[in-house]
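K.L.:
Build the 3D model from these lines:
(chains A and B, ligands or ions: 5)
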Amino acid sequence: MTHAEAPTAASPTASPPAPPLAEAIGLRRDFDVSRPLLARLVAGEGRRRLRAVDEVSFAIARGETLALVGESGCGKSTVAKLMVGLYPPTGGRIRFDGAELGALASRRAQAAYRRRLQMIFQDPYASLNPRWRVRDIIAEPIRAFGLLPDRAAQRARVAELLTQVGLAPADGEKYPHEFSGGQRQRISIARALASAPEFLVCDEPTSALDVSVQAQILNLMKELQRQFGLTYLFISHNLAVVRHMADRLGVMYLGRIVEIGPAETVFATPRHPYTRLLLEALPDLEMTGRARTPVGGEVPNPIDPPPGCTFHPRCPLANARCRAERPELARHGTVEVACHAVEEGRLAEGAALPVAPAAGA
Amino acid sequence: MPLLEVQELRVEFPTRRGVLTALDGVSFAIEAGEVLGVVGESGAGKSLTGAAVIGLLEPPGRVAGGQILLDGRRIDGLPYEQMRRIRGREIGAIFQDPLTTLNPLYTVGQQLAETMLTHLPVNPAEARRRAIRWLEDVGIPGAAQRIDAYPHEFSGGMRQRVVIALALCAEPRLVIADEPTTALDVSIQAQIITLLKGLCREHGTAIMLITHDMGVIAETADRVAVMYAGRIAEIGPVRDVIKHARHPYTVGLMGSIPSLSARVERLAQIDGAMPRLAAIPPGCAFHPRCGHAFARCKSERPELMDAGGSSRAACWLHAADSASAMVAGAPREARPGDARPGDARPGAARQGVADDAR
Ligand SMILES: Nc1ncnc2c1ncn2[C@@H]1O[C@H](COP(=O)(O)OP(=O)(O)OP(=O)(O)O)[C@@H](O)[C@H]1O
Ligand SMILES: Nc1ncnc2c1ncn2[C@@H]1O[C@H](COP(=O)(O)OP(=O)(O)OP(=O)(O)O)[C@@H](O)[C@H]1O
Ligand code: SF4
Ligand SMILES: [Mg+2]
Ligand SMILES: [Mg+2]
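P.N.:
Ligands and ions are numbered 1, 2, ... in the order given. Have a look, this model is predicted:
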């Protein structure tokens, strides 16, 4: 309580920031999606590989929230699972508080690490053991890490957590199936908060919640961050929620980060054509009965990604270079963008995008 | 005649701690080709309402009162086999938890084909062709290549879309969609909404769309029902409910939507929590959290009543007082701002009004 370092951490202007708490360096993850051997032999085809995450790098400072957004299937959950060590990376490294994750050979070191981070999963029901009472589900991390040896203290902590997420202490007696979808999601949030982690990976933490409960949970998360300097990796497809929570924002497309920077800046002046279209596709309450324009064109197949910039088939600015050469992240002020058009200054900042994707050829 | 009609539905859970009433007097109707949005706080009873309609209440939950009519025919309490035929063929369901709907042991393609073979006059080759088409329709890239994948090989949003395809592939007349787009980004969301609306328009499919996403409701629904503590608090045309909420709960609900245009330090939240089923307050279930509650709210339960425009709200603020009662049922739309709980003042006059709930 005496050291007062937390408040400065989130300041966006601090140029030489504190060493990051969590870091991804060139992360890559492949999945084997081959058909069964027999079917492959019949069809005469080889193994198929899907690169779910490709060269993803970011750093999250202590007390900061990095949000990841991007189309369904672009690799957000895979990044999340890599960060908490649920999947081993195919390539690249993860550092937590200066230590390399893969190098934590001893069980003791890994357990110590795991206590400091928690994950809220995208599928709340699947992550709750149906045969356990809710109070045991929530107390599990407390017991596993021996945080509160005293039973009465455990019970009090569970009751406190249930109340914080808008449930009642008496709900601890029940089983997961007795709860509604949003209530289950809150149980998994309470569980994730139980061990007072420093780093919380939240995969769609409020997707099943109505706006009022969502507001309560988001307020709670911010409050905890302010009080204890919590660090979040926050995944959500709800851009209004992201806007509310994020200090920094990473935009993913087909396994790669295409734009990353301070959230305010990315929201105010999105540069990558995908980011721009994403922000335009937002629904809003003024639109009763009106159709919105989704990001046009077909979502590419990750098993067989387009060459060059993977966004080029849908991009209004694509040219020959885009179709051949993959753009790397390059710095523009506080933001990094992977786009040839942005790098070449083909489109003035703030100017409107052409409507239709530039036709083939 | 509406395609679906739910009248005074009551659902109970007998437990060791006594009988819990999870739904209490829920009534609404959906016409063919219409989308009824259902919104409300977590635990309000939205999913249970859907589950009751398709006869999939988890025991010990049971329909303890009221009736459910499909095309004028009662479908609550039908024998299991009969209900199973209606499910899938006449009513398609998209459940809130995609993982629990999908069988982890079968590929996505097998599950789609199986559903069509059960309900439609198609052969296996045709079923597979259609399965790929459906996957394309819900926006799975490389559908032909990925049809033989198992559910766990799909991302959360992809699984949700497989569940949508499963619910639609037998071409049902009524679709119960429970949070169909929660795991989807806005652009895929738009594609799914376009798909659902197309079905309504072209095939007259009726949709009960359960979601907490007001953006989706605004774009998709014709009418909206707002649920609170197992009851309908307000029901009306989508524009009215969003722009001129009549029930104080709806007003609070609309106020807590985070806005894209302004970043505030704290989101507005409705103070307090929804009551637990074991302790639903007497009178209006919302009264302990309501800034406008007056004596009557605490003792007497409000039924849905005309609340201006075509909206109906279960709130005593809208009880016809002597003045408006004299206008003999004329819609009270005229005065702008009228009936908005933010403006309405529950004065002594209203408290004195004689009981005219029915
Ligand atoms: N098997 C059960 N036993 C006891 N109570 C139950 C059971 N299933 C649901 N309930 C209760 O019924 C109420 C309504 O649940 P329902 O799933 O319909 O909520 P919902 O409106 O869909 O909420 P959400 O938005 O969180 O999904 C909840 O309070 C829930 O706890
Ligand atoms: N275990 C697995 N086996 C094969 N493919 C997988 C596996 N897990 C993920 N994938 C594939 O990797 C890609 C990225 O999946 P991921 O779950 O990370 O997406 P996401 O960005 O979280 O999407 P969503 O928003 O829909 O949850 C998808 O194409 C998915 O099918
Ligand atoms: S690199 Fe080319 S194709 Fe890719 S986003 Fe930029 S302009 Fe579009
Ligand atoms: Mg995901
Ligand atoms: Mg539900």
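K.L.:
When you work out contacts or count neighbours from here on, use the C-alpha atoms and nothing else.
P.N.:
Will do.
K.L.:
how many neighbours does A:Ala215 have?
P.N.:
22 (other CA atoms under 10 Å in any protein chain shown).
K.L.:
That one is in what secondary structure piece?
P.N.:
helix A:211-228 (DSSP states H and E).
K.L.:
Spell out the residue ranges of the strands in the chain.
P.N.:
You didn't pick a chain, so chain A it is. A:22-32, A:49-60, A:65-70, A:91-96, A:99-100, A:117-120, A:199-203, A:231-235, A:248-253, A:256-262, A:330-332, A:335-337 (DSSP state E).
K.L.:
sorry, should have said chain B
P.N.:
Using DSSP E, strands in chain B cover B:4-15, B:18-30, B:35-40, B:62-70, B:73-74, B:91-94, B:174-178, B:206-210, B:223-228, B:231-237, B:305-306, B:312-313.
K.L.:
can the first one be found next to chain A?
P.N.:
It stands for strand B:4-15. No. Using CA under 8 Å from any CA of the partner chain, strand B:4-15 never reaches chain A; the gap is at least 9.9 Å.
K.L.:
what does that strand contact?
P.N.:
Applying CA atoms under 8 Å, 6 or more residues apart in numbering or on different chains, the contact partners of strand B:4-15 are B:19-31, B:52, B:59-72, B:174.
K.L.:
in the chain, what spans have low per-residue confidence?
P.N.:
Chain wasn't specified; assuming chain A. A:1-18, A:103-107, A:281-297, A:348-361 (pLDDT under 70).
K.L.:
ah, no, chain B please
P.N.:
B:258-268, B:321-358.
K.L.:
Domain parsing of it, as residue ranges.
P.N.:
B:4-221, B:254-269+B:282-357 (automatic domain parsing).
K.L.:
Ok, which of the ones you listed comes nearest ligand 3?
P.N.:
domain B:4-221 (16.9 Å; CA to the nearest ligand atom).
K.L.:
End to end on that closest one, go ahead and measure it.
P.N.:
Terminal residues of domain B:4-221 lie 16 Å apart, using CA to CA, to the nearest Å.
K.L.:
shouldn't B:Ile140 be in contact with B:Met158?
P.N.:
Yes. Counting by CA atoms under 8 Å, B:Met158 is a contact partner of B:Ile140 at 6.8 Å.
K.L.:
For ligand 4, give me its nearest residue in chain A.
P.N.:
A:Ser77 (4.0 Å; CA to the ion).
K.L.:
residue closest to the middle of the chain?
P.N.:
Picked chain A for this. Centroid-nearest residue in chain A, with CA atoms, centre = their mean: A:Ile235, separated by 3.1 Å.
K.L.:
should've been chain B
P.N.:
B:Val38 (2.5 Å).
K.L.:
of all the residues in the stretch 51-200 of chain B, which ones are close to chain A?
P.N.:
Proximity of the stretch 51-200 of chain B to chain A (CA under 8 Å from any CA) is limited to residues B:96-97, B:99-100, B:139-142, B:148-149, B:154-158, B:179, B:182-188, B:190-191, B:194.
K.L.:
PyMOL command for the buried members of those residues?
P.N.:
Burial among these is assessed by 16 or more other CA atoms under 10 Å in any protein chain shown; the matching PyMOL selection reads:
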select buried, chain B and resi 96+97+99+139+140+141+142+148+149+154+155+156+157+158+179+182+183+184+185+186+187+188+190+191+194
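K.L.:
just checking: which of the residues of the stretch 51-200 of chain B next to chain A also lie near ligand 4?
P.N.:
Applying CA under 5 Å from the ion to these, one finds that B:Gly156 fall near ligand 4.
K.L.:
the helices in the chain, which residues?
P.N.:
I went with chain A, as the question did not name one. Ranges of helices within chain A are A:6-9, A:37-43, A:76-83, A:107-115, A:134-144, A:151-164, A:181-194, A:211-228, A:239-245, A:263-268, A:273-280, A:320-324, A:340-344, based on DSSP state H.
K.L.:
actually chain B
P.N.:
B:46-53, B:80-89, B:98-101, B:108-119, B:124-137, B:143-146, B:156-168, B:186-203, B:214-220, B:238-243, B:248-255, B:295-299, B:322-326, B:348-351.
K.L.:
Columns distance to A:Gly63 on top of the ones you listed, output as CSV?
P.N.:
Output for those, formatted as CSV (distance: least, CA to CA, whole Å):
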stretch, distance to A:Gly63
helix B:46-53, 37
helix B:80-89, 49
helix B:98-101, 33
helix B:108-119, 41
helix B:124-137, 41
helix B:143-146, 40
helix B:156-168, 28
helix B:186-203, 29
helix B:214-220, 31
helix B:238-243, 37
helix B:248-255, 28
helix B:295-299, 45
helix B:322-326, 57
helix B:348-351, 52
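K.L.:
So for A:Pro262, which of these sits nearest?
P.N.:
helix B:186-203 (21.5 Å; CA to CA).
K.L.:
report the angle between the axes of that closest one and strand A:65-70?
P.N.:
40 degrees (axes from the mean of the first three to the mean of the last three CA atoms, to 10 degrees).
K.L.:
Helix B:186-203 - contacts with which helices or strands?
P.N.:
helix B:214-220 (3 or more CA pairs under 8 Å, 6 or more residues apart in numbering or on different chains; DSSP states H and E).
K.L.:
so the residue nearest to the centre of chain B touches B:Asp222, yeah?
P.N.:
No. Counting by CA under 8 Å, B:Asp222 is not a contact partner of B:Val38; they are 11.0 Å apart.
K.L.:
Point me to the residue of the stretch 51-200 of chain B nearest ligand 5.
P.N.:
Closest point on the stretch 51-200 of chain B to ligand 5, by CA to the ion, is B:Gln96, at 6.2 Å.
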